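> fold the following and give me the result.
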Amino acid sequence: MTERHLSVDQVAELLGTSVRFPRRLIEERRIRYVKVGRHVRIPASAVDEFLAAHTVKPFRRPRARYGRAA
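Sure thing, here's the model as predicted:
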């Protein structure tokens, strides 16, 4: 149990969003969380997984072989 668990406020600060966004992720069950009594904690690895799953990779278009037509 060495994994760090973050509060909703800490996750919002980490993501650079309002507190409402992590709460919505929890409500829609789009991120793993742990409920300890009335407190909600999100494992740091769950935040990393969420970011990795929603990262958009750059797309590089192939160059034209002969250039542009006149």
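> and the longest helix along the chain, what other elements does it pack with?
When the chain is parsed with DSSP state H, its longest helix is helix 44-53. Packing partners of helix 44-53 (3 or more Cβ pairs under 8 Å, 6 or more residues apart in numbering; DSSP states H and E): strand 5-6, helix 8-15. (Glycine included, C-beta is placed from N, CA and C.)
> out of these, flag the one nearest V34.
Checking the helices and strands packed on helix 44-53 against V34 by Cβ to Cβ gives strand 5-6 as the closest, at 6.2 Å.
> ok, how many other residues are close to the closest residue to L6 other than its chain neighbours?
If the residues on either side of it in the chain are set aside, L6 comes closest to I42, at 5.2 Å by Cβ to Cβ, 6 or more residues apart in numbering. By other Cβ atoms under 10 Å, the residues close to I42 number 23.
> next: K57.
5.
> and it, what is it in contact with?
By Cβ atoms under 8 Å, 6 or more residues apart in numbering, K57 lies in contact with nothing.
> related to what we said a few turns ago, tell me the buried residues in the longest helix of the chain?
Within helix 44-53, the residues that count as buried by 16 or more other Cβ atoms under 10 Å are A46, V47, F50.
> which ones are touching the last one?
Which is F50. Residues near F50 by Cβ under 8 Å, 6+ apart: L25, R30, I31.
> recalculate using a threshold of 6 Å.
I31 (Cβ atoms under 6 Å, 6 or more residues apart in numbering).
> ditto for the one 3 residues further on
Taking Cβ under 6 Å, 6+ apart as the criterion, A53 is in contact with no other residue.
> that one and V34, how far apart?
From A53 across to V34, the span is 19 Å (Cβ to Cβ, to the nearest Å).
> now the longest helix of the chain: how far from the chain's centre is it?
Between the centre of helix 44-53 and the centre of its chain there are 5 Å (Cα atoms, centre = their mean, to the nearest Å).
> pLDDT averaged over it - what is it?
Averaged over helix 44-53, pLDDT sits at 96.
> that helix vs helix 8-15, what angle?
Per axes from the mean of the first three to the mean of the last three Cα atoms, to 10 degrees, the angle that helix 44-53 makes with helix 8-15 is 40 degrees.
> with only the CA atoms kept, save helix 44-53 in CSV.
The C-alpha trace of helix 44-53 is given here as CSV (Å, rounded to 0.1, in the frame of the first residue of the first chain):
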residue,chain,number,x,y,z
ALA,A,44,-2.2,8.4,-8.6
SER,A,45,-1.9,5.5,-11.0
ALA,A,46,-5.6,5.9,-12.0
VAL,A,47,-4.9,9.5,-13.0
ASP,A,48,-1.9,8.4,-15.1
GLU,A,49,-4.0,5.7,-16.8
PHE,A,50,-6.8,8.2,-17.5
LEU,A,51,-4.3,10.6,-19.1
ALA,A,52,-2.6,7.9,-21.1
ALA,A,53,-5.9,6.6,-22.4
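> sounds good, over and out.
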